[in-house]
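> give me a 3D structure for the following:
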Amino acid sequence: MRQLLVAAACAALSLPVWALSTDRDQQIEVHADRFNGDEVQQTAVYAGNVVVDQGSMNITGAKLELSVTPKGYRKAVITGSPARFKQQRDPKTKGIDEWMHAEANCITYDEERDTVTLEGAARISRTENGVRKDQSSGERIVYNLRYARSTIEGGTTDGKKNRVSTIIAPRTKEAAEPRNQGARLSPATNLTAPK
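So this is what the prediction gives:
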């Protein structure tokens, strides 16, 4: 039961939007200082220096709680200061090594709602060859896997609303050029009458 519960919840964390497609076929390794499982309640708790690896996916935190609801849906909650997630993406461009990174005080995967929620100093970023390209941050980030939609909330500090932040890298020269180019125009130094 323990292996099944852990495999089910961890595989669910291997988010298809962010994932290297071969990661789901890899074994899952969970390491922690302590483990407590309850087959009747369908729960597993790992505590103390938790590390989860599956292919390129790496999750770290202080505590990992896995559960299966009575309806059969999986839920995984990892907490830490912060909890971290990183995973390589399938290559789109030759020579570009792209990774997704996420961190927050709490990262929750909810299969029933089909969401990943990052709460408490939440940040998601994308890197190419180790260089950060895009990043979003706020107090709470909710990503809906079913509809590929996200919501970022700024939260409040001392009664004052905090703002959300997004950094978007400039497009490369190759990406900025139109794909379907017509005839190239060149500047003229003089005007001539049409023929």
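
> could you list the low-pLDDT ranges of this protein?
1-19, 173-195 (pLDDT under 70).

> for this protein, what spans make up the helices?
2-13, 173-176 (DSSP state H).

> contacts only, for residue 20.
Residue 20 is in contact with 55, 56, 57, 87, 88, 89, 90, counting by C-beta atoms under 8 Å, 6 or more residues apart in numbering. In this view, the C-beta of every residue, glycine as well, is placed from N, C-alpha and C.

> could you work out the most separated pair of these?
57 and 90 (13.0 Å; C-beta to C-beta).

> ok, those two, which is more surrounded?
residue 57 (24 against 11; other C-beta atoms under 10 Å).

> please name the nearest non-neighbouring residue to the more buried one.
Closest residue to residue 57 apart from its sequence neighbours, by C-beta to C-beta, 6 or more residues apart in numbering: residue 87 at 4.4 Å.

> wait, the one you found sits on residue 56?
Yes. Counting by C-beta atoms under 8 Å, residue 56 is a contact partner of residue 87 at 5.5 Å.

> name the residues contacting each of the two.
Counting by C-beta under 8 Å, 6+ apart, the contacts common to residue 87 and residue 56 are 20, 23, 99.

> which of these lies closest to residue 126?
The closest of the shared contacts of residue 87 and residue 56 to residue 126 turns out to be residue 99 (C-beta to C-beta; 7.2 Å).

> number of residues surrounding the residue lying closest to that closest one once chain neighbours are set aside?
Of all residues not flanking residue 99 in the chain, residue 127 sits nearest, at 4.9 Å (C-beta to C-beta, 6+ apart). Residue 127 sits with 19 neighbouring residues when counted by other C-beta under 10 Å.

> same question, residue 32
Residues lying near residue 32 (other C-beta under 10 Å) number 17.

> ok, it - contacts?
Applying C-beta under 8 Å, 6+ apart, the residues near residue 32 are 46, 47, 48, 49, 50, 51, 64.

> show the buried residues in the residues you listed.
Buried subset of the contacts of residue 32 (neighbour count, 16 or more other C-beta atoms under 10 Å): 46, 47, 50, 64.
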